[in-house]
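Trainee: Sequence first, predicted coordinates after that:
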Amino acid sequence: MSSNGFEGRSVVVTGAGSGIGRAAALRFAAEGANVLVADLNQETAHETVTAVRTAGGIARAVVGDLSEQAVVDEIVATATSAYGGLDVLVNNAGIMDRMSALADTEDAEWERVIRVNLTAPFMLTRAALPHMLDRGRGAIVFTASEAALRGSAAGTAYTAAKHGIVGLTKSLAVMYRNNGIRANAIAPGATSTNIRVDAEAGAHGPSVVGPHVALAGRVADASEQAAAILFLASDAAGNINGTVLPVDNGWSAI
Ligand code: NAD
């Protein structure tokens with residue numbers, strides 16, 4: 001068994017077709033975990049699976065929109081049947097908003113960002129929990145954001161969704177701390193991935209937030225976020241529960 005205790009463990013990583021999720025999937029697999037790659041994008045999800053297998057690891061993909069209950073159910077059913085349970089859930093998939101200030105946030109922007117970034121992690125965690133409770137153990141890690149810590153890192157919808165992730169993390173930690181289940185989050189600062197911001201040039205939100213985002217500092221590599229995810233999921237973090245760990249080159253210290 002590896003020092004982090006992931007050998008033979010069943011690990012679900014959402015958004016594992018790209019960026020932070022892919023980096024985490026590769027790291028978990030390198031530590032001997034059986035990894036389920038969940039992503040909307042069929043091509044990139046399969047690229048991650050191929051990369052894991054080429055390196056000698058174990059992975060399979062479930063492709064679909066995490067905001068659909070049928071996809072959530074398929075992820076949990078696949079992980080539990082193929083890998084014999086579900087030990088680690090990494091709720092990582094997410095999308096940016098348009099950096100819109102509240103008055104400029106249209107229903108479609110609000111509803112999609114809240115649905116993908118907050119409701120989908122809620123749904124997947126709800127589906128995964130019974131399997132963790134059965135075994136009396138489990139680690140859940142959320143990818144929050146600098147926008148979970150402050151109002152100056154994104155638009156209204158994304159900021160609200162990521163603050164909601166902090167609430168999910170803390171509620172889970174309190175509700176299940178006596179059941180062997182831990183829930184934590186990372187709060188990445190600027191990180192080099194494929195995430196896209198479709199901000200309207202000159203709009204109020206981007207023009208207010210832009211100068212604050214310029215304070216983000218060094219852009220992290222996705223592997224630096226993955227390292228923090230693995231730590232929080234590992235046995236070494238066994239007494240860490242309900243915390244939000246900034247991985248941001250000190251941005252949140254400003
Ligand atoms: P990314 O775009 O490279 O990867 C995100 C992945 O999630 C993609 O593969 C995408 O297909 C998938 N995805 C998106 N919506 C989905 C859905 N509905 N169903 C299934 N899969 C879906 O971006 P990333 O930067 O690696 O993002 C990962 C997480 O990190 C997100 O939650 C994001 O909010 C957070 N984050 C990123 C940064 C950054 O600077 N990159 C900073 C803070 C937080």
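Mentor: Cool, got the structure.
Trainee: how much space between the residue of the chain most remote from its centre and residue 159?
Mentor: Centroid-distance maximum for the chain: residue 202 at 30.4 Å, with C-alpha atoms, centre = their mean. In this view, residue 202 and residue 159 are 20 Å apart by C-beta to C-beta, to the nearest Å. Bear in mind the C-beta positions are built from the backbone N, C-alpha and C, glycine included.
Trainee: ok, and does the host helix or strand of residue 37 reach over to the ligand?
Mentor: Using DSSP states H and E, residue 37 sits in strand 34-39. Yes. Shown here: strand 34-39 in contact with the ligand (C-beta under 6 Å from any ligand atom) through residue 39.
Trainee: Show me what counts as buried in whatever helix or strand comes next after that strand.
Mentor: Downstream of strand 34-39, the next assigned helix or strand under DSSP H and E is helix 42-54. By neighbour count with 16 or more other C-beta atoms under 10 Å, helix 42-54 contains the buried residues 44, 45, 46, 47, 48, 49, 51, 52.
Trainee: if I read this right, the second one contacts residue 36, doesn't it?
Mentor: No. Judged on C-beta atoms under 8 Å, residue 45 makes no contact with residue 36 at a distance of 10.2 Å.
Trainee: between these two, what contacts are shared?
Mentor: Common neighbours of residue 45 and residue 36, counting by C-beta atoms under 8 Å, 6 or more residues apart in numbering, are 61, 62.
Trainee: Parallel or antiparallel, list what pairs with the strand holding residue 37.
Mentor: Counting by DSSP bridges, the strands paired with strand 34-39 are strand 10-14 (parallel), strand 58-63 (parallel).
Trainee: Just want the angle from it to helix 42-54.
Mentor: If you take axes from the mean of the first three to the mean of the last three C-alpha atoms, to 10 degrees, strand 34-39 sits at 160 degrees to helix 42-54.
Trainee: mean confidence score for strand 34-39?
Mentor: Mean per-residue pLDDT for strand 34-39: 98.
Trainee: buried residues in it?
Mentor: Per 16+ other C-beta under 10 Å, strand 34-39 contains these buried residues: 34, 35, 36, 37, 38, 39.
Trainee: tell me the contacts of the fourth one?
Mentor: Which is residue 37. Residue 37 makes contacts with 13, 16-17, 21, 25, 45, 48-49, 52, 59-62, as judged by C-beta under 8 Å, 6+ apart.
Trainee: now swap in the fifth one and tell me
Mentor: Contact analysis of residue 38 by C-beta under 8 Å, 6+ apart lists 12-16, 45, 61-64, 66, 71, 75, 93.
Trainee: Kindly recompute the last result at 10 Å.
Mentor: Residues counted as contacts of residue 38 (C-beta atoms under 10 Å, 6 or more residues apart in numbering) are 12-17, 21, 25, 45, 61-64, 66, 71-72, 74-75, 78-79, 89-93, 124.
Trainee: Longest strand in this structure, please.
Mentor: Determined from DSSP state E, the single longest strand within the chain is strand 181-188.
Trainee: Residues of the stretch 51-200 of the chain that sit close to the ligand?
Mentor: 65-67, 92-95, 116, 143, 145-146, 188, 190-191, 193-195.
Trainee: Buried ones from the residues you listed, can you make that a PyMOL selection?
Mentor: Applied in PyMOL, the following selects the buried portion of these according to 16+ other C-beta under 10 Å:
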select buried, resi 66+67+92+93+94+95+116+143+145+146+188+190+191+193
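Trainee: what's the helix or strand harbouring residue 208 in contact with?
Mentor: Residue 208 is located in helix 204-213, with elements delineated by DSSP H and E. With contacts defined as C-beta under 10 Å, 6+ apart, helix 204-213 is touched by 97-105, 146-147, 150-156, 159, 189-190, 197, 199-201, 251, 254.
Trainee: Could you pull out the strands in this protein for me?
Mentor: 10-14, 34-39, 58-63, 88-91, 138-143, 181-188, 191-192, 220-221, 244-247.
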